[in-house]
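Colleague: Below is the sequence, then the predicted model.
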There are 2 protein chains.
Amino acid sequence: MNLNALQKIGYGMYIVGAHKDSKLNGQVANTVFQITSEPPTVAVSINKKNLTHEYIQASRAFSAAVLCTATPLQYIGAFGFKSGREVDKTKGVTYKIGQTGSPVFLDHATAYLEAEVIQDVDVGTHTVFIGRIVAAEILNEDPCMTYEYYHQVKRGTTPKAAPSYIAKEKGGEK
Amino acid sequence: MNLNALQKIGYGMYIVGAHKDSKLNGQVANTVFQITSEPPTVAVSINKKNLTHEYIQASRAFSAAVLCTATPLQYIGAFGFKSGREVDKTKGVTYKIGQTGSPVFLDHATAYLEAEVIQDVDVGTHTVFIGRIVAAEILNEDPCMTYEYYHQVKRGTTPKAAPSYIAKEKGGEK
């Protein structure tokens, strides 16, 4: 068995936003995907240790901004390798409060959606949150970043809390 | 709300294989994704009307072959726009029986995985099958097809039973 085969699975790159009362947070995610079209429903897999997980469980909602290819590594790093428990991720970035109350992070985004959680699926280290789409907009026609592009062209790394983390990947142990 | 924003979500392209006793089937899917790394676990969203759905429910297992960019549209069409109830999809294609008993379709594949289903999540028109990885191999380093590439470069269409189907898409009503 060669688990590196899992790196061939294709994803986009997203900033998932969530809130708990007036507190806001966001994190990088690659596992956002549509699971039904009628009604439009998406799923996202979030590590139980992440602050975003706590916020989604509290507010029963999340946003997801689709990142474009030109997104700087620094922007991804700020959302992906730091915890909202230690830093305020809303500082210095552009966002709006969406109709679910979740922050929608707009920098380097080509589209976004918001969803209301209808089901939590416990999958061990992560929860798969299933949500009905309540808002969705296209912001521009910039090409969307793929997870593969992030790794191969951008030389980005994967944090340990990601669903797609593989232990021997260089730089992943942050 | 602009549901075309959902087309910005990134996916790969896969042939999902399943069996029921000695009967074999496969279908195109774009919603394969890893949801935890420890233990390695994937999810796939399959329309309840599809024969593959019936076979996965019966055998509690599935395979997924990752398609490369060079995959001919005809190959995708044979798996995506026809039902295994009407045609034998194993005819004229290369496959092996994997360790779960599922057929692993090898033509135009760059990698594959097999999973044993541990949970069925009912999401209305579709079931999200969550499976533990029991086999995974890389076959070559050909570039993987993205769903975007399939649409934009290959001019491929989306069958109505797909999770990502959008009603007004041209050619989708097959």
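Modeller: Cool, the structure landed. Numbers count the residues shown, from 1 in each chain, chains lettered A, B, ... in the order given.
Colleague: for the least confident helix or strand in chain A by mean pLDDT, packing partners?
Modeller: Least confident helix or strand of chain A, by mean pLDDT, DSSP states H and E, is helix A:147-152 with a mean of 85. For helix A:147-152, not one helix or strand is in contact under the criterion 3 or more Cβ pairs under 8 Å, 6 or more residues apart in numbering or on different chains; DSSP states H and E. Glycine gets a C-beta too; all of them are placed from N, C-alpha and C.
Colleague: List the buried residues for that helix?
Modeller: By 16 or more other Cβ atoms under 10 Å in any protein chain shown, the buried positions in helix A:147-152 come out as A:Tyr147, A:Glu148, A:Tyr149, A:Tyr150.
Colleague: what about that helix, distance to the chain center?
Modeller: Here helix A:147-152 is found 15 Å from its chain centre; the criterion is Cα atoms, centre = their mean, to the nearest Å.
Colleague: And the helices in chain A?
Modeller: Counting by DSSP state H, residue ranges of the helices within chain A are A:51-59, A:73-80, A:147-152.
Colleague: need those helices in CSV with distance to B:Ile138, can you?
Modeller: Output for the helices of chain A, formatted as CSV (distance: least, Cβ to Cβ, whole Å):
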stretch, distance to B:Ile138
helix A:51-59, 31
helix A:73-80, 26
helix A:147-152, 14
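Colleague: closest to A:Val128 out of the ones you listed?
Modeller: A:Val128 lies closest to helix A:51-59 among those, at 11.0 Å (Cβ to Cβ).
Colleague: and the angle from the closest one to helix A:73-80?
Modeller: For helix A:51-59 against helix A:73-80, the angle by axes from the mean of the first three to the mean of the last three Cα atoms, to 10 degrees is 50 degrees.
Colleague: Report the central residue of chain A.
Modeller: The residue lying closest to the centre of chain A (Cα atoms, centre = their mean) is A:Ala29, at 2.9 Å.
Colleague: Identify, out of the helices of chain A, the most deeply packed stretch.
Modeller: Of all these, helix A:51-59 carries the top mean neighbour count, a mean of 21, counting by mean count of other Cβ atoms under 10 Å in any protein chain shown.
Colleague: pLDDT averaged over that helix - what is it?
Modeller: What helix A:51-59 shows for mean pLDDT is 98.
Colleague: Give me the contacts around it.
Modeller: The contact list for helix A:51-59, computed with Cβ atoms under 8 Å, 6 or more residues apart in numbering or on different chains, reads A:16-21, A:23, A:25-27, A:46-47, A:62, A:83-85, A:100-102, A:117, A:120, A:127, A:129.
Colleague: got the CA positions of it in PDB?
Modeller: What follows is helix A:51-59, C-alpha atoms only, in PDB (Å, rounded to 0.1, in the frame of the first residue of the first chain):
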ATOM      1  CA  LEU A  51     -10.800  26.700  16.700                       C
ATOM      2  CA  THR A  52     -12.900  26.800  13.500                       C
ATOM      3  CA  HIS A  53     -14.400  23.400  14.500                       C
ATOM      4  CA  GLU A  54     -15.500  24.800  17.800                       C
ATOM      5  CA  TYR A  55     -17.000  27.900  16.100                       C
ATOM      6  CA  ILE A  56     -18.900  25.800  13.400                       C
ATOM      7  CA  GLN A  57     -20.300  23.600  16.200                       C
ATOM      8  CA  ALA A  58     -21.400  26.700  18.100                       C
ATOM      9  CA  SER A  59     -22.900  28.700  15.200                       C
END
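Colleague: Now find how far off-centre it is within its chain.
Modeller: Centroid separation between helix A:51-59 and its chain, computed with Cα atoms, centre = their mean, is 13 Å.
Colleague: Going through the contacts of helix A:51-59, which ones are buried?
Modeller: The neighbour count (16+ other Cβ under 10 Å) marks A:16-20, A:23, A:25-27, A:46-47, A:62, A:84, A:100-102, A:117, A:127, A:129 as buried among the contacts of helix A:51-59.
Colleague: Would you confirm that A:Ala162 contacts A:Asn30?
Modeller: Yes. If you go by Cβ atoms under 8 Å, A:Ala162 and A:Asn30 touch, sitting 7.0 Å apart.
Colleague: now the buried residues of helix A:147-152 as a markdown table including distance to B:Ala136?
Modeller: What follows is these, written out as a markdown table (distance: Cβ to Cβ, whole Å):
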| residue | distance to B:Ala136 |
| --- | --- |
| A:Tyr147 | 17 |
| A:Glu148 | 17 |
| A:Tyr149 | 22 |
| A:Tyr150 | 21 |
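Colleague: Okay, and the beta partners of A:Asp120?
Modeller: Per DSSP bridges, the residues bridged to A:Asp120 are A:Phe129.
Colleague: Just grab the bridge partners of the nearest residue to A:Gly101 once chain neighbours are set aside for me.
Modeller: Spatial nearest neighbour of A:Gly101, excluding adjacent residues (Cβ to Cβ, 6 or more residues apart in numbering or on different chains): A:His19 at 5.2 Å. For A:His19, the beta-bridge partners under DSSP bridges are A:Leu24.
Colleague: now swap in A:Leu113 and tell me
Modeller: Assigned bridge partners for A:Leu113, using DSSP bridges, are A:Ala64, A:Ala136.
Colleague: Likewise for A:Lys96?
Modeller: Note on A:Lys96: beta-bridge partners by DSSP bridges are A:Val104.
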